[in-house]
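> model the following, please.
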Amino acid sequence: MSDIGGTKGAVIVGFIIGFFIAILLALFAASKIESTSTVKFCSSCHEMKIFRDTWAEAVHGSDQLGVMKAKCVDCHLPHEGVVDYLITKSEAGIHDYLAHIRGKKTDWISKWKNRGPHAHGAYESGCKRCHKELIAPGIPIKAFTAHRAYELGETKLNCIDCHHMAGHGDLVLAIMESKNK
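Residues are numbered from 1 along each chain as shown. Now for the predicted structure:
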């Protein structure tokens, strides 16, 4: 009988230890997700310098006053759910890391000229997290009409189609100028 009680006690102790290990692992994972979501981390590779610089000068970048500052993950990861966010973050991180260590170069100009959905790597859910009221009183009639068509599903255009300079300004021009230096 004491052997059964000892086994039961060992199982309870095992569960308690396992619970605390799971908590520690969850806290560690959360801290890594947070630390890899900063602009400093995203722009730590030399390939990202032009993206960091153009973002800083754009509407939602760090150099602008009085507007919403967006981090890379605010636009370049989906925000429909935690699982999709984490899977996309992992896939993008692995892709970018491998491209960096292999020295892979992307022809961004050609890619954007022939772009399809998400060619810019920006997600509608990122825009919608902050821009909830698209048909606000006082907006210009052109913006009202365009946003109304978007809200009613009468257009296939997405946020980036019309607001392609919001994240990085004229990135194409900046890339072309950097190639000429």
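> by mean pLDDT, flag the weakest helix or strand of this protein.
Taking mean pLDDT, DSSP states H and E as the measure, the chain has helix 108-113 as its least confident helix or strand, at a mean of 73.
> buried set for whichever helix or strand comes after it?
Next in sequence after helix 108-113, counting helices and strands by DSSP states H and E, comes helix 124-130. Burial within helix 124-130, assessed by neighbour count using 16 or more other CB atoms under 10 Å, is assigned to 124, 125, 126, 127. Using the backbone N, CA and C atoms, a C-beta is placed for each residue, glycine as well.
> which parts of the chain are helices?
Along the chain, the stretches classed as helices by DSSP state H are 2-35, 39-42, 49-57, 72-76, 82-102, 108-113, 124-130, 141-151, 159-162, 171-179.
> residue 64 is nearest to which of these?
helix 49-57 (7.7 Å; CB to CB).
> and the contacts of that closest one?
Here helix 49-57 makes contact (CB atoms under 8 Å, 6 or more residues apart in numbering) with 39, 42-43, 61-64, 72, 167-171, 174-175, 178.
> 7 Å instead?
Identification of contacts with helix 49-57 by CB atoms under 7 Å, 6 or more residues apart in numbering yields 39, 43, 61, 62, 63, 167, 168, 169, 171, 174, 175, 178.
> distance from the chain centre to that helix, please.
From the chain centre to the centre of helix 49-57 is a distance of 15 Å (CA atoms, centre = their mean, to the nearest Å).
> buried residues in it?
Neighbour-count burial for helix 49-57 [16+ other CB under 10 Å]: 50, 51, 52, 53, 54, 55, 56.
> any chance of TSV for those, columns distance to residue 17?
Formatted as TSV, the buried residues of helix 49-57 follow (distance: CB to CB, whole Å):
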residue	distance to residue 17
50	49
51	45
52	44
53	49
54	50
55	45
56	47
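> what is the nearest of those to residue 24?
residue 52 (33.2 Å).
> could I get the pLDDT score of residue 152?
In this model, residue 152 is scored at 91, pLDDT.
> state the distance from it to residue 135.
10 Å (CB to CB, to the nearest Å).
> do the same with residue 144
Distance from residue 144 to residue 135, by CB to CB: 6 Å.
> skipping adjacent residues, who's closest to residue 42 in space?
Of all residues not flanking residue 42 in the chain, residue 72 sits nearest, at 4.1 Å (CB to CB, 6 or more residues apart in numbering).
> how many neighbours does the one you found have?
Residues lying near residue 72 (other CB atoms under 10 Å) number 20.
> for residue 58, same thing?
Count around residue 58 with other CB under 10 Å applied: 20.
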